[in-house]
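[1] quick one, structure for this:
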Amino acid sequence: MRREDVLRLPSMPAAGPSYPAGPYRFVNREFLVITYETDPELIRAGLPEPLEPIEQPIVHYEWIKMPDSSGFGSYTESGLVIPARLNGEEVNFVSQMYLDDDPPIAAGREIWGFPKKYAHPKLEIVKDTLTGTLEYAGQLVAMGTMGYKHESMAGNGDLTRATLSKTQVNLKMIPGVDGHLEVCQLVAINLTDIVPKGSWMGPGRLHLVPHVNAPVADFPVRRCLGAHHYIADLTLPFGRVVHDYVKEAEAIAATGMAAE
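    All right, here's what the predicted structure looks like:
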């Protein structure tokens, strides 16, 4: 295998890469998002600087069912997203993610820094209720429910498109061979080619159970504000670095040495 061959590989291992080259297209991606209030001091502690909290201490708890994902197949995901502010822009900080498929775990962590771990989320319609559950290590750690299609958001899908277009920010951390962080960045992503296919609002409830390795309950539910169910096609493109902690630390260290 020549150097050029190695550099063309999309991912590890070389024999049977974990995921192909992107970008990645998702068809009929289905969301259940329950928005709730939590304790403001917990949000402040959970946001890495220079991210700043917004005025209202809210969290979005999400279930996402992805039946047709290029390169990744069919899988379901669940996790926490915290609305925040970065350099004056309103963004969503992706705090925790749990899913049941290895390729998007590997790609998500290695490319964009999505905080993904293996677990067993599920999103399904049970009688008159849209129901999301998350099990980790055989234990239920989250359950969300929403009245099924109570209020259709008629129109051209502007709300769904605006929701999905909002900048997402991840804390990407990859250690080097010496055990120290070689990559430590805030990475921003904006979904593209968004095609809304349906959108519904309605009542929602969320139950979180403390678990040491899936700590979604570290942001306890104080008050549910509502639920949003929507379906869309979209593309996940590559991202961009908006803050580099390693370079920042090196610059500070160099400044200190110059001062001495």
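[2] could you list every residue that touches I189?
    112, 167-170, 236-237, 239-240 (CB atoms under 8 Å, 6 or more residues apart in numbering). C-betas here are computed from N, CA, C, even on glycine.
[3] what is the nearest of these to H207?
    Q168 (25.4 Å; CB to CB).
[4] tally of neighbours for the closest one?
    Other residues lying near Q168 total 19 when counted by other CB atoms under 10 Å.
[5] wait, it sits on V91?
    Yes - using CB atoms under 8 Å, Q168 is in contact with V91, at 7.0 Å.
[6] need the residues touching each of these two.
    Going by CB under 8 Å, 6+ apart, residues that sit against Q168 and also against V91 are A188.
[7] can you map out the helices along this structure?
    For the chain, the helices defined by DSSP state H cover 3-8, 40-46, 102-107, 158-165, 245-259.
[8] in the second one, what's buried?
    What it means is helix 40-46. Of all the residues in helix 40-46, those buried under the rule 16 or more other CB atoms under 10 Å are 42-43, 46.
[9] of these, which is the nearest to P20?
    G46 (33.1 Å).
[10] go ahead and confirm that closest one touches I82.
    Yes - using CB under 8 Å, G46 is in contact with I82, at 6.3 Å.
[11] intersection of neighbour lists for these two?
    95, 219.
[12] could you give the bridge partners of the residue lying closest to A119 once chain neighbours are set aside?
    What sits nearest to A119 in space, not counting adjacent residues and going by CB to CB, 6 or more residues apart in numbering, is Y98, at 3.7 Å. Bridge pairing for Y98 (DSSP bridges) gives the partners S78, K117.
[13] what about Y98, distance to V141?
    8 Å (CB to CB, to the nearest Å).
[14] so for those two, which sits in the more crowded spot?
    Y98 (26 against 23).
[15] ok, that one to P215 distance?
    Counting by CB to CB - Y98 and P215 are separated by 11 Å.
[16] then Q139?
    13 Å.
[17] higher neighbour count, these two?
    P215 (15 against 12).
[18] with adjacent residues omitted, what lies nearest to the more buried one?
    Q96 (7.3 Å).
[19] returning to that earlier point: can I assume the residue nearest to A119 is in contact with F114?
    No - contact status for Y98 versus F114: not in contact, 11.0 Å apart, counting by CB under 8 Å.
[20] hang on, the earlier thing: winner for burial among the helices of the chain?
    helix 102-107 (a mean of 20; mean count of other CB atoms under 10 Å).
[21] what's in contact with that helix?
    In contact with helix 102-107 (CB under 8 Å, 6+ apart) are residues 11-12, 18-19, 22, 24, 69, 71-73, 75, 77, 99, 116-118.
[22] and it, average pLDDT?
    The pLDDT scores in helix 102-107 average 97.
[23] okay, now the unreliable bits of the stretch 151-260 of the chain?
    154-156, 257-260 (pLDDT under 70).
[24] dig out what E124 forms beta bridges with.
    T131.
[25] just give me the neighbour total for it.
    Neighbour tally, E124, other CB under 10 Å: 12.
[26] my guess is it contacts G144. True?
    No - between E124 and G144 there is no contact under CB under 8 Å: 11.6 Å.
[27] got any residues that touch both of these two?
    Contact criterion CB under 8 Å, 6+ apart; residues bridging E124 and G144 by contacting each: T131.
[28] center of this structure, which residue is that?
    Central residue of the chain (CA atoms, centre = their mean): V94, 4.3 Å from the mean position.
[29] touching, it and N170? I think so.
    Yes - judged on CB under 8 Å, V94 makes contact with N170 at a distance of 5.1 Å.
[30] overlap of the contact sets of these two?
    With CB under 8 Å, 6+ apart as the test, V94 and N170 both reach 114-115.
[31] contacting residues for the residue lying closest to G132 once chain neighbours are set aside?
    In space, not counting the residues next to it along the chain, G132 is nearest to W63; the distance is 3.5 Å by CB to CB, 6+ apart. Applying CB under 8 Å, 6+ apart to W63 gives the contacts 31-33, 76-78, 121-123, 132, 134, 144.
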